[in-house]
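*Asks:* next input, structure requested:
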Amino acid sequence: MDHLKWIEIDLGAVRHNVGVVLERLAPGVRLMAVVKADGYGHGAVQVAKAAVQAGASHLGTLTLEEALELRAAGIRAPIVLLAPPLPEQAAAVARARLDATVDSERLAASLAKGVSRSRPLKVHLDVDFGLGRWGAPPRRASALAALIGSDRRLRLAGFSTHLDYVPGKNAVEAEQKLRRFERLAAKAQRLAPGLVRHAANSSILLDFPARQFDLVRVGNLLYGINPTDTAAPLKTPWCFKARIIALRRIARGQAIGYASEYVAPRSMTVATVPVGYADGLTMEPVERLIGFGARFSYWGMIDGKQAPFVGRCSISHVMLDVTAARSARVGDVITLPIRRTAASPRIPRVYL
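*Replies:* Numbers count the residues shown, from 1 in each chain. Take a look at the predicted model:
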């Protein structure tokens, strides 16, 4: 491989993680694989295909554009738009046979105008319990469900919520909201017996296993990220790599980097890799400039050893202390930390 930087995506790890989730589901409960934000940076099409092959029944995207990309790739599994679409997108949503999230009478009426009675648009009524992004007020949920059920151009296919639950923060409050959601969903099911109830994301699935309802929406777990303290044997499908393009021997007390801000505390070997904040590596390695607290630092890994960042991260390069890797050479590979959804789409993805 002649890339200077690339991201390796292990689709086998994605399939493994789907299996881990499926093993935790109660009989009859199905799995929605959330592939919004380009599959959390992993590649939505590739991850969606792997997840469906491994047993996911539904896919979740945030926008119409994300869903159309999956349809263009030949993916025929049910796709749910997890955020309400614009009213003018109704016809496109219907043509692509997508499920739309609805949270108001106005949106329901606007969507109904854009579809025909011969092929009703599937909608999921979303209820807001405090997250505040979208969703109908709980007091309006039953009336909105009845309104949707009375329009032959719409089909009430789902009843959902996305809680503001953070593990270790508000578990008691979350349980109360889940109970209230269950009561409202039961009323909606009497109007539309075939609808699916879904409130469990990765955190709720692990911390509230009794609240799976009919469908769970999994994003983080799919990508090997466990946001809870509950153990789960996940695999990490993501690895960001870059090659060393320069090595320098730096003497103790020598200043390097912009504004000579970094002063070597000892003699060290410094490697330069062609990755910077233009690639999504926006983490600033100088603790006094970012204030993350004492001893906070970022590092890459080479030959199983940590290589701390030194100096400022620039637009296209960062330097690392590779003194511990005595055999380091130009061309050697260093793995780097990067927020997956921030990684530039220009960086080649290599699928394993």
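*Asks:* tell me which stretches of the stretch 251-352 of the chain form helices.
*Replies:* Listed in chain order, the helices of the stretch 251-352 of the chain (DSSP state H, counting those that start in this stretch) span 287-290.
*Asks:* quick check: which ranges of it have low pLDDT?
*Replies:* Residue ranges of the stretch 251-352 of the chain with pLDDT under 70: 282-296.
*Asks:* for the residue most central in space within the chain, give me its contacts.
*Replies:* Nearest to the mean C-alpha position of the chain, by CA atoms, centre = their mean, lies Tyr40 at 4.0 Å. Residues near Tyr40 by CB atoms under 8 Å, 6 or more residues apart in numbering: 219, 222-223, 340-341. For glycine as for every other residue, the C-beta is placed from the backbone atoms N, C-alpha and C.
*Asks:* if I look at it, how far off is Ser202?
*Replies:* From Tyr40 across to Ser202, the span is 11 Å (CB to CB, to the nearest Å).
*Asks:* which residues are in contact with Thr228?
*Replies:* Each residue near Thr228 by CB under 8 Å, 6+ apart is listed here: 167, 202-203, 206-207.
*Asks:* and which of the residues you listed is nearest to His3?
*Replies:* Nearest to His3 out of the contacts of Thr228 is Ser202 (CB to CB; 31.4 Å).
*Asks:* that closest one reaches Leu221, doesn't it?
*Replies:* Yes: between Ser202 and Leu221 there is a contact under CB atoms under 8 Å: 4.4 Å.
*Asks:* out of the two, which sits in the busier spot?
*Replies:* Leu221 (26 against 23; other CB atoms under 10 Å).
*Asks:* name the SS class of that one, please.
*Replies:* State at Leu221, reduced to three classes by DSSP: H, G, I helix; E, B strand; the rest coil: helix.
*Asks:* ok, now how distant is it from Arg97?
*Replies:* 27 Å.
*Asks:* and the strands in the stretch 101-250 of the chain?
*Replies:* Under the criterion DSSP state E, counting those that start in this stretch, the stretch 101-250 of the chain contains strands at 121-127, 154-161, 196-198, 215-218, 238-243, 246-250.
*Asks:* just send those back as TSV, with mean neighbour count too.
*Replies:* Converted to TSV, those look like this (neighbours: other CB atoms under 10 Å):
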stretch	mean neighbour count
strand 121-127	25
strand 154-161	24
strand 196-198	24
strand 215-218	24
strand 238-243	21
strand 246-250	14
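*Asks:* quick one: contacts for Ile60?
*Replies:* Quick fix: residue 60 is Gly, not Ile. Contacts for Gly60 (CB under 8 Å, 6+ apart) come out as 32-36, 79-80, 82, 217, 219.
*Asks:* which helix or which strand is home to it?
*Replies:* strand 58-61 (DSSP states H and E).
*Asks:* how far does that strand sit from its chain's centre?
*Replies:* Put simply, strand 58-61 sits 12 Å off its chain's centre (CA atoms, centre = their mean, to the nearest Å).
*Asks:* can you tell me the closest non-neighbouring residue to Leu320?
*Replies:* Distances taken as CB to CB, 6 or more residues apart in numbering put Ala307 closest to Leu320, at 4.1 Å, once the chain neighbours are dropped.
*Asks:* how about Leu352?
*Replies:* Asp10 (4.6 Å).
*Asks:* now do that neighbour against Tyr298, distance only.
*Replies:* Taken as CB to CB, the span from Asp10 to Tyr298 is 23 Å.
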